[in-house]
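Participant: Got a predicted structure here, sequence first:
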Amino acid sequence: MSDDILVDIQDLHFNYDGRPVLQGINMKIPRGKVVAIMGGSGCGKTTLLRCIGGQLHPTGGSVRLEKHQVCQMSEAELYRLRRRMGMLFQFGALFTDLTVFENVAFPLREHTNLSEEMIRDLVLMKLEAVGLRGAHALMPGSLSGGMARRVALARAIALDPMLIMYDEPFTGLDPIALGVIGRLIRSLNDALGATSIMVTHDIQESLLIVDYIYFLNGGQVVAEGTPDEIRASRDPFVHQFVHAEPDGPVHFDYPAPSVGQDFMPGGAHVGAA
Ligand SMILES: Nc1ncnc2c1ncn2[C@@H]1O[C@H](COP(=O)(O)OP(=O)(O)OP(=O)(O)O)[C@@H](O)[C@H]1O
């Protein structure tokens, strides 16, 4: 594998209880890049992140991270590898009974034997990086949604990860906080020399901050490109996303019989006992 590629996913398949969710995903994620994964609800984006992180074992194909075949690693090896991955999940809640400082210190205490002095310096550096050094003594309950997300971000980068994975990092944020988090994702990636994979529904923010976008549908990659390529794309799937159209290749309506069939007298059994 080329040294430039940090994550190499080949022909990845995953089933839940025999139901196919991922059906032959191929992706090459170069070092240093920020990559977005987009697609309709339930198309398998979170499942893909979990396969990359080794929390789920695929039914076929491979995920290679650096020189490691993630799918073939033991739990102990995965545990060590995950120290080098930062993860920020949608509701990656902070520990509500710990201060901001202790939340960010948590992975350092869990995974290292650093002195208290070192931990103190590292935590304050990470909080400084997200603009919240002054908030170190606050409890999570007194933070705004955007501030809480920034603390979670500081915690995700506490161990200087090589790979940072975000699952819908913008959910529930107002437009200003969303822009702040987007810029932080980009700048922290670059400052740390990390690589970032972000599952998101926010195409407009993605177009501003990422290097490359993959679109998933039906468990497969159906479109991909740089933000410029995506903006210029005539692919109907991409068009539907970029222009937030309610219908297109991704359907708004759950499959149903024709309206005529359901509304004609005696034409359907909806609600019938
Ligand atoms: N633990 C599970 N057991 C069975 N099915 C599951 C499980 N987790 C997810 N699924 C199903 O697998 C499919 C893919 O789920 P996944 O969470 O990966 O989608 P997603 O693209 O991240 O969705 P969203 O954008 O809504 O978060 C969905 O149909 C979901 O209902």
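Facilitator: Yep, that arrived. Numbering: from 1, shown residues only.
Participant: For the rest of this, base every contact and every neighbour count on C-alpha atoms.
Facilitator: Will do.
Participant: ok, and the closest non-adjacent residue to Glu168?
Facilitator: Thr200 (4.5 Å; Cα to Cα, 6 or more residues apart in numbering).
Participant: If you could redo that for Val100, that was the one I meant.
Facilitator: His136 (5.0 Å).
Participant: Give me the pLDDT value at that neighbour.
Facilitator: At His136, the predicted lDDT confidence score is 95.
Participant: Next: the one 10 residues further on.
Facilitator: With respect to pLDDT, Gly146 has a value of 90.
Participant: Test my guess that it contacts Gly182.
Facilitator: No. In this structure, Gly146 is not within contact of Gly182 by Cα atoms under 8 Å, at 11.1 Å.
Participant: Render the CA-only coordinates of the helix or strand hosting Ile164 in PDB, please.
Facilitator: Taking DSSP states H and E as the definition, one finds Ile164 inside strand 163-167. Written as PDB, here are the backbone C-alpha positions of strand 163-167 (Å, rounded to 0.1, in the frame of the first residue of the first chain):
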ATOM      1  CA  LEU A 163      -7.100   9.400  12.500                       C
ATOM      2  CA  ILE A 164     -10.100  11.300  13.800                       C
ATOM      3  CA  MET A 165     -13.600  10.100  13.000                       C
ATOM      4  CA  TYR A 166     -16.600  12.200  13.400                       C
ATOM      5  CA  ASP A 167     -20.200  11.000  13.200                       C
END
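Participant: can you tell me if it touches the ligand.
Facilitator: No. Strand 163-167 lies out of reach of the ligand by Cα under 6 Å from any ligand atom, never closer than 8.0 Å.
Participant: who does that strand pair up with?
Facilitator: If you go by DSSP bridges, strand 163-167 pairs up with strand 85-88 (parallel), strand 195-199 (parallel).
Participant: what residues are up against Ala158?
Facilitator: 104-105, 107-108, 122-123, 126 (Cα atoms under 8 Å, 6 or more residues apart in numbering).
Participant: which parts of the stretch 1-150 of the chain sit against the ligand?
Facilitator: Going by Cα under 6 Å from any ligand atom, the residues of the stretch 1-150 of the chain near the ligand are 16, 21, 40-47.
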